[in-house]
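Enquirer: requesting a structural model of the entry that follows:
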Amino acid sequence: MDAEEFRKRGREMIDYVADYLETIRKRRPFPEVSPGYLRELVPDEAPESPEKWEDLFKDIERVIMPGVTHWHSPQFHAYYPTANSYPAILGDVLSDAIGCIGFTWASSPACTELEVVMMDWLAKMLHLPDEFLFSSGGLGGGVIQGTASESTLVALLSARTMFINNIKKENPQMETESIMSKLIAYTSDQSHSSVERAGLIGSVLMRKLESDEKGALRRHTLEAAIREDKAKGLIPFFLCATLGTTPSCAFDNIPELGPLCKQDGIWLHIDAAYAGSAFICPEFRPLLNGVEFAMSFNFNAHKWLQVNFDCSAMWIKDKRLVSEAFDVDPLYLKHENQGKMPDYRHWHIPLGRRFRSLKVWFVLRMYGVKGLQDIIRKDVQLAHEFESFVRADSRFEVVQDVVLALVCFRLKGENSINEKLLKAINDDGRIHLVPSQMRKTYFLRFAVCASRTTSDDVKLAWSVITELATKLQK
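Expert: Below you'll find the predicted structure:
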């Protein structure tokens, strides 16, 4: 494919993408294929000779689309959103064309420097403390990770290294293995599974603490756990608190937990993967109160801020604590401007990194803060509209407070009837939901996910749910 054909085929692909997104309502949100479907549709081996673009292009609909879960369908209400917008897509196109591997400033200065500026832009939108900003002139700064899972792991490994180094300074005779065997980290029983996984990867004990009736971790629970573990000779060193949990969009009580972590010298990391985008709205910013006690904080711009996956924004109060945990400095990666700008390879797990800040730049400039706030407020309003339908039907109940754009609801009665309802909904295929469970209570999650979702889509979803519930109850 030469440049001229690329121009032609690129226009065709852009048209296809635009048509796909603008007509996505017509597609079933969840596919009707069985595992292994695709192998039956393609040859056993790669072609020996080049094929025609026209044949490849036809196979998008024949091979790929039958197995796609359409996350951007207005009838998709599962999990949480994965953001999508035309400006972000175009930013990724340019990133792919430039094709840099921005592991150091020297490997692509614009890649590093735009990320520094974008992370400060985002921090200011969230009204983060100045300690997290590059422009404050202090030790803080931000980095784009791939996912919230990576952000949590980086924070945990950084905290682990900091504690090991500090303990060795006071007790030079202690071996690293001995120290690690005593380290203990905490999280809520409502936190994402990736937090527990970070403990497994980091080879430290991760203790899940019981949340309250609203799904929030409270100070008295953490305090009791710290006291108990210290009595056993363990070393509490890390807490991952969540703002906007996956099961029910619950919020750990950071104003309570933060001062306790500061008092006991525990690294507080706040994971706001889904909810963080909402904090750009003044009415939701109080949900982030207490962030000043955190050593690190992240949210996924790729969930609700119109920036395509992957883009998890993470800030650290002291960048040295991250770079010390990941610093390997071979000669071939050194350059004469080291120290003047971040070398982001010291801030995350992989060496290479894409030019992800481009799509952030495109989105923030094309939407503006107000445009992004409007999208978030619209989605929250739609969730409350759905909530009103649930509360108006005496057969149903809302399980948890509706704070953002997630409604947790169920048919009154046994878990089994709700399990049957979910199966009926997803077998029907007009909408797609997933379940959750808290304290043995099974419920359904209705998330406003697609940016194209309207009030009519919410009404459609409720009509499908009530229609199938009525059939089940006959």
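Enquirer: which outside residues touch stretch 152-159?
Expert: If you take C-beta atoms under 8 Å, 6 or more residues apart in numbering as the criterion, stretch 152-159 is touched by 145, 185, 194-195, 197-199, 201-202, 204, 237-238, 240, 267, 269, 271, 295-296, 298, 314, 316, 321-322, 324-326, 347-349. The way it works is simple: take the backbone N, C-alpha and C, and place the C-beta from them, glycine included.
Enquirer: out of those, which are buried?
Expert: 145, 185, 194-195, 198-199, 202, 204, 237-238, 240, 267, 269, 271, 295-296, 298, 314, 316, 321-322, 325-326, 347-348 (16 or more other C-beta atoms under 10 Å).
Enquirer: which of those fall within strands?
Expert: 145, 185, 237-238, 240, 267, 269, 271, 296, 298, 314, 316 (DSSP state E).
Enquirer: dump those to JSON lines, plus pLDDT and distance to Leu288.
Expert: Output for those, formatted as JSON lines (pLDDT from 0 to 100; distance: C-beta to C-beta, whole Å):
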{"residue": "Gln145", "pLDDT": "93", "distance to Leu288": "19"}
{"residue": "Ala185", "pLDDT": "96", "distance to Leu288": "22"}
{"residue": "Phe237", "pLDDT": "95", "distance to Leu288": "24"}
{"residue": "Phe238", "pLDDT": "96", "distance to Leu288": "20"}
{"residue": "Cys240", "pLDDT": "97", "distance to Leu288": "16"}
{"residue": "Trp267", "pLDDT": "96", "distance to Leu288": "18"}
{"residue": "His269", "pLDDT": "97", "distance to Leu288": "14"}
{"residue": "Asp271", "pLDDT": "96", "distance to Leu288": "12"}
{"residue": "Ser296", "pLDDT": "96", "distance to Leu288": "14"}
{"residue": "Asn298", "pLDDT": "96", "distance to Leu288": "12"}
{"residue": "Met314", "pLDDT": "95", "distance to Leu288": "15"}
{"residue": "Ile316", "pLDDT": "95", "distance to Leu288": "16"}
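Enquirer: okay, among those residues, which ones form the most distant pair?
Expert: Greatest spatial distance among these (C-beta to C-beta): Gln145 and Phe237, at 21.0 Å.
Enquirer: okay, strands next: where are they in the stretch 151-300 of the chain?
Expert: Secondary structure of the stretch 151-300 of the chain (DSSP state E, counting those that start in this stretch): strands at 183-188, 205-209, 235-242, 267-271, 296-300.
Enquirer: which stretches in this structure count as helices?
Expert: All helices of the chain, identified by DSSP state H, fall at 3-22, 53-59, 86-98, 109-126, 148-170, 176-180, 193-202, 219-231, 254-264, 301-304, 319-326, 357-392, 415-428, 455-473.
Enquirer: dump those to TSV, plus distance to Glu45 and mean pLDDT.
Expert: Shown next, in TSV, are those (distance: least, C-beta to C-beta, whole Å; pLDDT from 0 to 100):
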stretch	distance to Glu45	mean pLDDT
helix 3-22	25	94
helix 53-59	16	95
helix 86-98	27	92
helix 109-126	37	93
helix 148-170	35	90
helix 176-180	47	87
helix 193-202	36	87
helix 219-231	56	96
helix 254-264	55	96
helix 301-304	35	94
helix 319-326	40	76
helix 357-392	36	97
helix 415-428	36	95
helix 455-473	43	95
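Enquirer: determine which stretch of those helices is the most buried.
Expert: When you average the neighbours per residue for each of the helices of the chain (mean count of other C-beta atoms under 10 Å), helix 301-304 leads with a mean of 28.
Enquirer: my guess is Pro29 contacts Ser73. True?
Expert: Yes. In this structure, Pro29 is within contact of Ser73 by C-beta atoms under 8 Å, at 4.3 Å.
Enquirer: overlap in contacts, the two.
Expert: His432.
Enquirer: that older thread, which of the strands of the stretch 151-300 of the chain sits closest to Val390?
Expert: For the strands of the stretch 151-300 of the chain, the distance to Val390 is smallest for strand 235-242, at 24.4 Å, taking C-beta to C-beta.
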